[in-house]
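In: after the sequence you'll find the predicted model.
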Protein chains: 2
Amino acid sequence: MNFSSKLLENAVNEFSRLPGIGQKSALRLVLHLLNQSEQDVNRFSEAMSELKTKIKYCSECYNIADNQICEICASHKRDKSIICVVEDTRDVMAIENTNQFQGVYHVLGGLISPMDGVGPTDLRIEQLLERLRKGEVEEIILALSATMEGDTTIFYLYKKIKDFNLKISTIARGIAFGGELEYVDEVTLGRSIVTRIPYERNIA
Amino acid sequence: MNFSSKLLENAVNEFSRLPGIGQKSALRLVLHLLNQSEQDVNRFSEAMSELKTKIKYCSECYNIADNQICEICASHKRDKSIICVVEDTRDVMAIENTNQFQGVYHVLGGLISPMDGVGPTDLRIEQLLERLRKGEVEEIILALSATMEGDTTIFYLYKKIKDFNLKISTIARGIAFGGELEYVDEVTLGRSIVTRIPYERNIA
């Protein structure tokens, strides 16, 4: 692209570094910002730099938080004996939205992915083991994505925690609610037959 | 959404104010930024605030520029007697990419759009008339979008400039190169027959 201004080019380049944003979208976004008041643009840029400099991670579960301990870990209503292990804060938000989980979380900060150069030491696995060593945890739910990286991470975690005398589970895989059988992929359908559950449990 | 942090919520809200970015995309972008180094995030936020505070508009054509006069207006190779009137800097970039225009531009900064509360006084129309009054301009090309707002603006501009003794044209409308007749909409096809041009001009 032929920019008439270095400042404009600079801003567009910064935006187009974000995932899923190409140069044309970046230009559209930057021109939109340019049409806003100086106050609005400053609020935007300050929100970004504040986020990075002031954000904290809960010292228990490593979820993004404003305080030393996040609201979930600080709550007396949550069952500290059940830990749900997730990839990142988006998964915490998604599970919280279901209102089906009353335990606490452990945010790994990623999944093992040799292709992307992410190994076990890049994740908060040692911190999870540290929590388990305190002996207060009775159950671990591994709620990771049903992808190659998710499965690799589950397998690695399982080997690390299997000697802790815990209930270890992964979230159920199968046909989504509303899903029509003819459109379900073979692997999912096949596994959902192998891992079928008693009808009584499904309506509980 | 249930944010675990006010700072996070703030950043996501700022991002989702941008056009075409919803809360989920905003969260994805913000979490991506959070994974970058502090230096990278600062460079991003500085590029935005610098853009707004330091950017200049060419005092001739009102295109975005780093200096008082933009490169196009400052160039001795450009024909100052032909002005191409466009909506914004993106259109300047698009026309420059064609290498088919050697005149100069005038950037209106928008189109007349009563629905969006944009009237003629919100655009740089008075500044265009000021340039015409100097008497050096011989031709005006109205290169605006083929939309309701574009046509309204062309009609308004035409009434304002028709007494200046200028050649006034609009860019050609018709079937795009590579376009198949059966897929062209009726209005475009109909007008392209009415405004047909001699074959000799088409191959010039």
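Out: Cool, the structure landed. Predicted, not measured: the structure shown is a model, and the values here were computed from it.
In: could you use CA atoms for every contact and neighbour count after this?
Out: OK.
In: mind listing what's buried along the top helix by length along chain A?
Out: In terms of residue count, the longest helix belonging to chain A (DSSP state H) is helix A:38-54. For helix A:38-54, the neighbour count (16 or more other CA atoms under 10 Å in any protein chain shown) marks A:40-52 as buried.
In: of those, which ones also sit close to chain B?
Out: Checked against chain B using CA under 8 Å from any CA of the partner chain, these give the following subset in range: A:41, A:42, A:43, A:44, A:45, A:46, A:47, A:48, A:49, A:50, A:51, A:52.
In: next, work out how far apart residue A:64 and residue A:82 are.
Out: From residue A:64 across to residue A:82, the span is 20 Å (CA to CA, to the nearest Å).
In: which residues does the closest residue to residue A:171 other than its chain neighbours contact?
Out: Nearest residue to residue A:171, sequence neighbours excluded (CA to CA, 6 or more residues apart in numbering or on different chains): residue A:143, at 5.5 Å. The contact partners of residue A:143, by CA atoms under 8 Å, 6 or more residues apart in numbering or on different chains, come to A:84, A:85, A:86, A:87, A:170, A:171.
In: how about 10 Å then?
Out: Listed by CA atoms under 10 Å, 6 or more residues apart in numbering or on different chains, the contact partners of residue A:143 are A:84-87, A:91-92, A:95, A:105, A:150, A:154, A:169-172.
In: make a ChimeraX selection of the buried ones in the residues you listed.
Out: Here is the ChimeraX command that selects only those of the contacts of residue A:143 that count as buried (16+ other CA under 10 Å):
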select /A:84,85,86,87,91,92,95,105,150,154
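In: in strands, which of the contacts of residue A:143 fall?
Out: A:84, A:85, A:86, A:105, A:169, A:170 (DSSP state E).
In: domains in chain A, by residue range?
Out: In the domain annotation for chain A, the residue ranges read A:6-54, A:78-171 (automatic domain parsing).
In: my read is that residue A:127 contacts residue A:106, right?
Out: Yes - with contacts counted by CA atoms under 10 Å, residue A:127 reaches residue A:106, the gap being 8.9 Å.
In: which residues do those two both contact?
Out: Between them, residue A:127 and residue A:106 have A:60, A:61, A:62 as joint contacts when contacts are counted by CA under 10 Å, 6+ apart.
In: turn these into JSON lines, including pLDDT and neighbour count.
Out: Supplementary listing: the shared contacts of residue A:127 and residue A:106 in JSON lines, determined by pLDDT from 0 to 100; neighbours: other CA atoms under 10 Å in any protein chain shown:
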{"residue": "A:60", "pLDDT": "93", "neighbour count": "19"}
{"residue": "A:61", "pLDDT": "94", "neighbour count": "24"}
{"residue": "A:62", "pLDDT": "94", "neighbour count": "22"}
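In: show me which of the residues you listed is closest to residue A:15.
Out: Distance ranking of these against residue A:15, using CA to CA, places residue A:62 first at 27.9 Å.
In: name the SS class of the closest one, please.
Out: Reduced to three states with DSSP: H, G, I helix; E, B strand; the rest coil, the structure at residue A:62 is coil.
In: the nearest residue to it once chain neighbours are set aside and residue B:6, how far apart?
Out: Distance criterion CA to CA, 6+ apart; nearest residue to residue A:62, sequence neighbours excluded, is residue A:107 at 5.5 Å. From residue A:107 over to residue B:6 the distance is 18 Å, taken as CA to CA.
In: between these two, which one's more packed in?
Out: When residue A:107 and residue B:6 are compared for neighbours, residue A:107 comes out ahead with 27 against 14, by other CA atoms under 10 Å in any protein chain shown.
In: quick one, phi psi at that one?
Out: Dihedral pair for residue A:107: phi -90, psi 110, per degrees, to the nearest 10.
In: cool, and the one 10 residues further on?
Out: In terms of degrees, to the nearest 10, the main-chain angles of residue A:117 are phi 70, psi 20.
In: residues near it, how many?
Out: Here the count is done by other CA under 10 Å, and residue A:117 has 8 residues near it.
In: next: residue A:146.
Out: Using other CA under 10 Å as the criterion, residue A:146 is surrounded by 12 other residues.
In: hmm, residue A:187 and it touching each other?
Out: No - using CA under 10 Å, residue A:146 makes no contact with residue A:187, being 11.6 Å away.
In: and residue A:137, how far from chain B?
Out: 23 Å (CA to the nearest CA, to the nearest Å).
In: how much space separates that residue from residue A:68?
Out: Here the distance between residue A:137 and residue A:68 works out to 21 Å (CA to CA).
In: cool, residue A:166 as well?
Out: Taking CA to CA as the measure, residue A:166 falls 27 Å from residue A:68.
In: host element of residue A:31?
Out: For residue A:31, the host element (DSSP states H and E) is helix A:23-34.
In: to clarify, my last question referred to residue A:68.
Out: With DSSP H and E as criterion, residue A:68 is part of no helix or strand.
In: got the contact list for the residue nearest the centre of chain A?
Out: Centre of chain A computed as the mean C-alpha position; nearest residue by CA atoms, centre = their mean is residue A:88, 2.3 Å away. With contacts defined as CA under 10 Å, 6+ apart, residue A:88 is in contact with A:62, A:63, A:64, A:106, A:107, A:108, A:109, A:110, A:111, A:144, B:31.
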